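K.L.:
Only the shape, not the letters, is given here:
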């Protein structure tokens, strides 16, 4: 549970670290992170949104930073996807007490947003794109949840 007496400098530093980590992991794995078929390993960080409220905007900023260097950078990647991350993360935070529901919601929300964006840009049917995106996102979110648990315990959070 989040403390109401959280040190604001510590919170800002942690949020910046998560935003930066998301962007750097995405950039480091650029060949698989961008494009019509993408697998963003950095999505394993999205479950941080369930741990501390300030990680929700941090993840949206990380996504924005990552997408600034996308070969397909557009309003979709620079505005739409960060906003979808922010909205999905906020709802996931609200649902956090039922972790499985929260993780499923957030992963499927992001899958839907990515699928919609790709269907519009590539002129492909949404339902042809969504299942593959959803499978990878759900796996990344649930694996990420375990990774985030370890990180939170090791850092005393």
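P.N.:
Received it, and whenever you're ready, just let me know what you need. Treat the numbers as computed from the prediction; the structure is a model and nothing was measured. Numbers count the residues shown, from 1 in each chain.
K.L.:
So for this structure, the centremost residue is which one?
P.N.:
For the chain, residue 46 is the residue whose C-alpha lies nearest the centre (Cα atoms, centre = their mean; 3.9 Å).
K.L.:
lowest-confidence helix or strand of the chain?
P.N.:
In the chain, no helix or strand scores lower on mean pLDDT, DSSP states H and E than helix 30-33, which sits at a mean of 88.
K.L.:
quick one: average confidence on the longest helix anywhere in the chain?
P.N.:
Assignment by DSSP state H gives helix 126-154 as the longest helix of the chain. Rounded to a whole number, the mean pLDDT of helix 126-154 is 96.
K.L.:
And stretch 65-84, by the same measure?
P.N.:
Here the average pLDDT along stretch 65-84 is 92.
K.L.:
re the thing from before, can you list the buried residues in the longest helix of the chain?
P.N.:
Neighbour-count burial for helix 126-154, counted by 16 or more other Cβ atoms under 10 Å, picks out 129-130, 133-134, 136-138, 140-142, 144-145, 148, 151. To be clear about C-beta, it is placed using only N, CA and C from the backbone, and glycine gets the same treatment.
K.L.:
Now flag whichever of these is closest to residue 109.
P.N.:
The shortest gap between residue 109 and any of the buried residues of helix 126-154 belongs to residue 137, at 9.1 Å (Cβ to Cβ).
K.L.:
Would you check how far apart the closest one and residue 63 are?
P.N.:
13 Å (Cβ to Cβ, to the nearest Å).
K.L.:
and what of residue 131?
P.N.:
Relative to residue 63, and taking Cβ to Cβ, residue 131 is found at 22 Å.
K.L.:
Please enumerate the helices of the chain.
P.N.:
With helices called from DSSP H, the chain shows them at 8-28, 30-33, 55-67, 75, 81-94, 99-122, 126-154.
K.L.:
Distance to residue 41 added to those helices, as CSV?
P.N.:
Shown next, in CSV, are those (distance: least, Cβ to Cβ, whole Å):
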stretch, distance to residue 41
helix 8-28, 6
helix 30-33, 8
helix 55-67, 11
helix 75, 25
helix 81-94, 16
helix 99-122, 14
helix 126-154, 7
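K.L.:
so which of those helices comes closest to residue 40?
P.N.:
Smallest distance to residue 40 across those (Cβ to Cβ): 5.1 Å, for helix 30-33.
K.L.:
Figure out how far that closest one is from the centre of its chain.
P.N.:
Relative to its chain's centre, helix 30-33 lies at 15 Å (Cα atoms, centre = their mean, to the nearest Å).
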